[in-house]
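*Asks:* here is my input; please provide its structure:
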Amino acid sequence: MLEASLLFQYSPWLLFAIALMAVLYSSVGHGGASGYLAAMALWGLAPHEMRPAALLMNIVVTCWLLYRFKPYKLMPHSLFWPLVIVSTPAAFFGGLIKIDASIYAIAVGVLLLLAAIRMLVNPSAAEKVVPPARWLTVVVGGILGFASGITGIGGGVFLSPILLIFGWCSVRQSTAVAAGFILLNSLGGLSGYWVSAQPWPDGTAWLVLAAFVGCLVGAELASHKASSGTLKKLLAAVLFIASAKMIYAALYSEILEQHVRTAHGLKRFYTVPRGGSVGLSAPWIKKSPTKIPLINLHRCRPDYAP
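*Replies:* Numbers count the residues shown, from 1 in each chain. The predicted structure follows:
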């Protein structure tokens, strides 16, 4: 009953956007975390909601994709396991890190910007498949895994062009490698987040359900090799907007905090959740009974020093 009542804390349009992102990303073998983060950023969800939700949606979507890809036996194990042997524990340690909300917003904003550029640039696959050096796959996997754990982005959107440009595997194999890579990184990142006892958002099941419905459609599109340059351009535009919104909101919060700190001589601030879902998009100020300004920066601690 409680979970059902939490359905209405999310806009139906947000659930639709999550499902649409799942369709687009799963159709090319990706979990879709960068799309989910973009959608959640546009609807003003807080970092403590975005990060675990994106990782959980990644897990559900990539599990289904790997189930659908299994009959085709696309996975090149000699490439896959060196990639994930370090990336998964790296994602776990990344998930342990309790990152400041403004830093998180800027980091995710930059990654969304890179993902948008990636959508507009279709890397040409190398003419010949050349297996990479083992140490190189380990290094690439570790870097992407750590970034995955910190931000909630699975890393597949950045791994795929590397696989294709340098000819580490074929185009069809890259789809399976990216899905497996995203799955294990997301499991590692979510485990680290859980172990570190960071806040778990309510109502996540509805976001996951929306992503799962979308991936059912996307997996069918993938099996029929459907793709659309127009859809990729639209998706890139969404990622650009979400990136700009997150970076602007983070910088605006810093400017607002400094302004109020200077005006009122405060060293710390109270923070007040907005209906249980504090968004980066709308920093606001109210007066408390003691005339201490309340700032919705959701990264401050509930104490102050005048």
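*Asks:* near the residue lying closest to Pro199 once chain neighbours are set aside, how many other residues are there?
*Replies:* Spatial nearest neighbour of Pro199, excluding adjacent residues (C-beta to C-beta, 6 or more residues apart in numbering): His48 at 4.7 Å. The C-beta positions use only the backbone N, C-alpha and C, and glycine is treated the same way. Neighbourhood size, His48 [other C-beta atoms under 10 Å]: 20.
*Asks:* what helix or strand is His48 located in?
*Replies:* helix 47-69 (DSSP states H and E).
*Asks:* what of Ile241?
*Replies:* Using DSSP H and E, the element containing Ile241 is helix 229-264.
*Asks:* for the closest residue to Gly35 other than its chain neighbours, what are its contacts?
*Replies:* In this structure, Gly35 finds its nearest non-sequential neighbour in Met21, 3.2 Å apart by C-beta to C-beta, 6+ apart. The neighbours of Met21, taking C-beta atoms under 8 Å, 6 or more residues apart in numbering as the test, are 32, 35-36, 38-39, 211, 214, 235.
*Asks:* among the residues you listed, which ones are in strands?
*Replies:* Applying DSSP state E to these, no entry is found in strands.
*Asks:* now for the residues you listed: which two are most distant?
*Replies:* The most widely separated members of the contacts of Met21 are Ala211 and Leu235, with 15.1 Å between them, by C-beta to C-beta.
*Asks:* okay, now Val61: neighbour count?
*Replies:* 32.
*Asks:* do Pro132 as well
*Replies:* 18.
*Asks:* which SS class is it?
*Replies:* Secondary structure, DSSP: H, G, I helix; E, B strand; the rest coil: Pro132 is coil.
*Asks:* flag every buried residue along stretch 82-98.
*Replies:* Buried residues in stretch 82-98, counted by 16 or more other C-beta atoms under 10 Å: 82-92, 94-96.
*Asks:* mind checking how far it is from the chain centre?
*Replies:* 15 Å (C-alpha atoms, centre = their mean, to the nearest Å).
*Asks:* which residues are in contact with that stretch?
*Replies:* 55, 134, 137-151, 155, 159, 177, 180-181, 184-196, 198.
*Asks:* can you say which of the residues you listed are buried?
*Replies:* Counted by 16+ other C-beta under 10 Å, the contacts of stretch 82-98 give 55, 137-138, 140-142, 144-151, 155, 159, 177, 180-181, 184-193, 198 as buried.
*Asks:* can I get the buried residues of stretch 82-98 in TSV with secondary structure and pLDDT?
*Replies:* Output for the buried residues of stretch 82-98, formatted as TSV (DSSP: H, G, I helix; E, B strand; the rest coil; pLDDT from 0 to 100):
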residue	secondary structure	pLDDT
Pro82	helix	92
Leu83	helix	92
Val84	helix	93
Ile85	helix	93
Val86	helix	93
Ser87	helix	93
Thr88	helix	93
Pro89	helix	94
Ala90	helix	94
Ala91	helix	93
Phe92	helix	94
Gly94	helix	91
Gly95	helix	90
Leu96	helix	90
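*Asks:* what is the nearest of the residues you listed to Met246?
*Replies:* Using C-beta to C-beta, the buried residues of stretch 82-98 come closest to Met246 at Gly94, 18.5 Å.
*Asks:* any idea how far Gln173 is from the closest one?
*Replies:* Between Gly94 and Gln173 the computed distance is 26 Å (C-beta to C-beta, to the nearest Å).
*Asks:* same check, this time on Val86
*Replies:* 20 Å.
*Asks:* again, but for Ala197
*Replies:* In terms of C-beta to C-beta, Ala197 sits 39 Å off from Gln173.
*Asks:* in terms of neighbours, single out the busier of the two.
*Replies:* Per other C-beta under 10 Å, whichever of Ala197 and Gln173 has more neighbours is Gln173, with 20 against 8.
*Asks:* lovely, talk soon.
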